[in-house]
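Participant: 3D, please:
(one chain, ligands or ions: 1)
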Amino acid sequence: MLVTFDNLLTPAELAAAGEQLARSTWAPHQSAGPQALLAKRNLQLPEDCPGLPELRRLVMRALNRSPLLLSAALPNKVLPPNFNRYTGETNHYGWHNDNTLRYLPDGSALRTDVSATLFLSDPASYDGGELHIEDTYGSHLVKLPAGSMVIYPSGSRHEVRPVTRGERLACYLFMQSVVKDTECRRHLYEMDLALMRLRQRHGEADPDLVRLTGLYNDLLRRWSDC
Ligand code: NI
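Facilitator: As a prediction, this is how the structure comes out:
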């Protein structure tokens with residue numbers, strides 16, 4: 001299941017991130033597993049980049065204020081977001097699968113269940129650079145407006161197509177979800193969306209809505225692990 005979130009960043013946040021990224025020094029960075037590394041041809045903000053902590057806080061604040069994102073991903077742990085740049089000779093990332101295990105700064109492990117790409121460049125300013133994802137529902141090309149984000153199951157094979165004009169800046173991150181199984185997460189998300197619409201139509205107090213909300217929580221309790 002792919003889900004997109006429009007305008008996750010406010011225009012002010014997008015401008016602040018853009019200014020910080022424009023004055024940062026980029027580096028080839030080896031954040032992928034050995035197989036993925038062979039396919040990786042992009043630049044990344046290094047860990048010691050002075051602006052990185054504030055950029056990470058900005059993205060984390062945006063994630064935490066999106067109820068739809070919380071409902072779709074049901075995050076338990078989030079790996080600190082990273083930032084990458086595709087341009088010139090370093091302009092693509094071939095087909096690969098992301099590593100299942102990542103490590104948090106405190107050394108604890110994180111299982112990647114949900115991957116996210118937050119687009120930071122105006123799509124009219126560059127050619128190519130689509131995020132190409134294969135999941136159980138087929139093949140998808142994703143290129144979103146600056147400030148918008150896509151999430152997809154971390155087990156999906158994916159690539160970033162070559163950027164042939166301009167530059168593509170993006171933020172990417174991984175989440176461990178409280179619900180490991182992708183299909184269970186999808187059922188919960190679709191149920192939650194339907195519940196939100198029913199609440200708008202019938203009000204919070206409708207007895208069947210109260211019952212269905214209870215069932216949503218029963219399923220979440222049954223499927224979650226945290
Ligand atoms: Ni990847």
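Participant: doesn't residue 21 make contact with residue 54?
Facilitator: No: judged on CB atoms under 8 Å, residue 54 makes no contact with residue 21 at a distance of 11.4 Å. From N, CA and C alone the C-beta is placed, and that goes for glycine too.
Participant: Which one's more surrounded, those two?
Facilitator: Using other CB atoms under 10 Å, the more surrounded residue of residue 54 and residue 21 is residue 21, with 21 against 12.
Participant: Could you pull up the contacting residues of that one?
Facilitator: 45, 51, 55, 83, 85, 120, 169 (CB atoms under 8 Å, 6 or more residues apart in numbering).
Participant: Kindly state the beta-bridge partners for the last one.
Facilitator: Okay, so that is residue 169. residue 85 (DSSP bridges).
Participant: I'd like the distance between it and residue 101.
Facilitator: Taking CB to CB, to the nearest Å as the measure, residue 169 falls 27 Å from residue 101.
Participant: Comparing the two, which residue is more hemmed in?
Facilitator: residue 169 (25 against 10).
Participant: Tell me which helix or strand comes right after the strand or helix carrying residue 183.
Facilitator: Per DSSP states H and E, residue 183 falls inside helix 182-202. Tracing the chain C-terminally past helix 182-202 and defining elements by DSSP H and E, one meets helix 207-223 next.
Participant: Show me what counts as buried in that next one.
Facilitator: The neighbour-count check on helix 207-223 (16 or more other CB atoms under 10 Å) flags 209, 212-213, 216, 220, 223 as buried.
Participant: Which residue ranges of the chain form helices?
Facilitator: 11-22, 34-39, 52-64, 67-73, 182-202, 207-223 (DSSP state H).
Participant: which other residues reach the helix holding residue 183?
Facilitator: For helix 182-202, the external contacting residues (CB under 8 Å, 6+ apart) are 1, 3, 71-74, 113-114, 153, 155, 177, 179, 206, 209, 212-213, 216, 219-220, 223.
Participant: how much distance is there from that helix to the middle of the chain?
Facilitator: 20 Å (CA atoms, centre = their mean, to the nearest Å).
Participant: ditto for stretch 118-126
Facilitator: 16 Å.
Participant: So what's the model's average confidence on it?
Facilitator: Averaged across stretch 118-126, the pLDDT comes to 98.
Participant: distance between the ends of that stretch?
Facilitator: Distance between the two ends of stretch 118-126: 16 Å, counting by CA to CA, to the nearest Å.
Participant: Tell me the buried residues in that stretch?
Facilitator: For stretch 118-126, by 16+ other CB under 10 Å, it's 118-121, 123, 126.
Participant: can you pull the contacts of the residue nearest to residue 14 when sequence neighbours are not counted?
Facilitator: With CB to CB, 6 or more residues apart in numbering as the criterion, residue 14 has its nearest non-adjacent residue at 4.6 Å, and that residue is residue 147. Residue 147 makes contact with 7-11, 13-14, 118-120 under the criterion CB under 8 Å, 6+ apart.
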